[in-house]
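Peer 1: Fold the following and give me the result.
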Amino acid sequence: MFKKALTTTALCAIVAAGTLAFSADEADAAGFYIKEQSVSALGAAFSGSTTSIDDASTIYFNPAGMTRLDGPQANLGVNLLIPNGELDDTGSTLLGAPVGGGDGGNPYDPTPVPNAYVAYPWMNGKLWTGLGVSAPFGLANEYDDDYFARYDSTETELLTINVAPTLAYQALPWLSIGGGVDIQYADAELKAVVTDGVVEGESKLEGDDVSVGFNLGILATPIQGTDIGFSYRNGINHELDGEISATGLSGLNPAAPNFSVNGTADLDLPDIWTLGVAHNLNDKWRLMGQATYFKWSEFEDITAISDAGATITSVEQGYENTWAFAIGAEYEYSPEWTFRAGYQFDETPTTDEFRTTRTPDGDRNWFTAGTTYKWNENFSLDFAAAYIDVAEEEISVTRNEGAAIVNADTDGDVGILSLGLNYKF
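Peer 2: Just a heads-up that it's a prediction; the model follows:
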């Protein structure tokens, strides 16, 4: 039996502790943001996502860019994320003794991330309406049974679906503005191992929510051949409504029973600001650069509250605000073929003090390449590929009221293969 018994409240805390970390994320952008919302933009490491997207996927990154499109059109993209993550036990313990178990294996499966956009002009192209459907946060991980960090997490799933009706207006020949409403659905399920000192059981938190945010964009051409783009995405605050439970315990320890509690938990997503500049060197070459600021500090803590109004737990997450910097270039080889490539440095918001196996994240270096092939006057295809190196980091967290200590080194990388289809009406 445990020297320190687990109470019902403590079990609730164990389940809820991971909620704000349910990104599962080795899978693409730092934190648990999914940048892969435009295949053509991925090819240049998103260095031109506010200035240079010439298809309907500009709706996501800068809706003002719709005014530069060549007539009504639609874009459909799919990004296959192929992540790899590794954990090495560096001294994890249970009640002071080695906890034992395997390394958890690669917790990620290849995962497709689709997105779709349609844009339509009015008033001779000065006013545009658009609609985008995307999945800007999420993905999932699942570790092997009985691995050494099972008291921290075993399985994490987060799905978001974002529907964004948008408008854009060409206010001046050199200036366009745009914006939209983000109607976002979030669904999460988190699992970990708990023990009552006799057997190991499973803790689970699950919940969902629909909330609304907004986005804004500006695209300006102060001098011919040079574009400046700015965008802002409002951080949506979700209140996940669902259930917290513990099952599979022996029932022999009355201080640690099986239970199920209905309640809510907050998921506060970051504000995102992006500023980009692009310049045409000549009629073939275009250079692009961009900086993005993520206000991840909004992801500060997790407070789980029962339907009766009692605070089950409040756990600090310690995410920090971050920057991402990208550079890239496009080359118009022929009327049919355009090639692009880019590099991006993407800071992690996680810190050594709070990093967990749910988000075994590190700073990221992106290396990307892509192309667009114009099939005919109506159809074009986008291809892109990326390799992301994720820096090695450390995990050191305490779980199960101090009975379990998880110490680990984490390392990983991500491959991405993307295909997009553009159709002009």
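
Peer 1: counting contacts, what elements does the longest strand anywhere in the chain pack onto?
Peer 2: What stands out as the longest strand in the chain, according to DSSP state E, is strand 200-223. Judged by 3 or more CB pairs under 8 Å, 6 or more residues apart in numbering; DSSP states H and E, the packing partners of strand 200-223 are helix 8-16, strand 155-172, strand 175-195, strand 226-233, strand 237-247, strand 259-268. Glycine gets a C-beta too; all of them are placed from N, C-alpha and C.

Peer 1: In the last one, which residues are buried?
Peer 2: The reference is to strand 259-268. By neighbour count with 16 or more other CB atoms under 10 Å, strand 259-268 contains the buried residues V261, G263, T264, A265, D266, L267, D268.

Peer 1: Surely the fifth one touches N237?
Peer 2: By that I understand D266. Yes: taking CB atoms under 8 Å as the definition, D266 is a contact partner of N237 at 6.8 Å.

Peer 1: coming back round to it: quick one: closest of the helices and strands packed on strand 200-223 to A326.
Peer 2: strand 226-233 (12.6 Å; CB to CB).

Peer 1: Need the residues that contact the closest one.
Peer 2: 49-52, 61-62, 64-65, 182, 213, 215-222, 271-280 (CB atoms under 8 Å, 6 or more residues apart in numbering).

Peer 1: In space, what's closest to G71 - neighbours in sequence excluded?
Peer 2: Spatially, and ignoring its direct neighbours in sequence, G71 is nearest to K424 (5.6 Å; CB to CB, 6 or more residues apart in numbering).

Peer 1: rewinding a little: how far off centre is the longest strand of the chain?
Peer 2: Offset of strand 200-223 from its chain centre (CA atoms, centre = their mean, to the nearest Å): 9 Å.

Peer 1: Partner strands of that strand, with direction?
Peer 2: Applying DSSP bridges, strand 200-223 is found paired with strand 175-195 (antiparallel), strand 226-233 (antiparallel), strand 237-247 (antiparallel).

Peer 1: Can you lay out these as a markdown table showing mean pLDDT?
Peer 2: Output for the strands paired with strand 200-223, formatted as a markdown table (pLDDT from 0 to 100):
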| stretch | mean pLDDT |
| --- | --- |
| strand 175-195 | 94 |
| strand 226-233 | 98 |
| strand 237-247 | 91 |
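
Peer 1: could you dump these to a markdown table with distance to Y120 and mean neighbour count?
Peer 2: A markdown table is the format used below for the strands paired with strand 200-223 (distance: least, CB to CB, whole Å; neighbours: other CB atoms under 10 Å):
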| stretch | distance to Y120 | mean neighbour count |
| --- | --- | --- |
| strand 175-195 | 14 | 21 |
| strand 226-233 | 21 | 21 |
| strand 237-247 | 30 | 18 |
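
Peer 1: first vs last residue of stretch 335-352, how far apart are they?
Peer 2: Stretch 335-352 stretches 50 Å from its first residue to its last (CA to CA, to the nearest Å).

Peer 1: What residues of that stretch count as buried?
Peer 2: T338, R340, A341, G342, Q344, D346, E347, T348, P349, T350.

Peer 1: try stretch 411-419
Peer 2: Neighbour count says stretch 411-419 has D411, G412, D413, V414, I416, L417, S418 buried, by 16+ other CB under 10 Å.

Peer 1: State the distance from the first one to D346.
Peer 2: D411 sits 16 Å away from D346, going by CB to CB, to the nearest Å.

Peer 1: Any stretches of the stretch 301-425 of the chain with poor pLDDT?
Peer 2: Counting by pLDDT under 70, the stretch 301-425 of the chain has low-confidence residues at 301-302, 311-316.

Peer 1: what about the strands in it?
Peer 2: Assigned by DSSP state E, counting those that start in this stretch, the stretch 301-425 of the chain shows strands spanning 301-306, 311-316, 322-332, 337-346, 364-374, 379-399, 404-424.

Peer 1: In CSV, list those along with distance to E243.
Peer 2: What follows is the strands of the stretch 301-425 of the chain, written out as CSV (distance: least, CB to CB, whole Å):
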stretch, distance to E243
strand 301-306, 11
strand 311-316, 12
strand 322-332, 32
strand 337-346, 34
strand 364-374, 34
strand 379-399, 20
strand 404-424, 23
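
Peer 1: Out of those, which is closest to P110?
Peer 2: Closest among the strands of the stretch 301-425 of the chain, using CB to CB: strand 404-424, at 8.9 Å.
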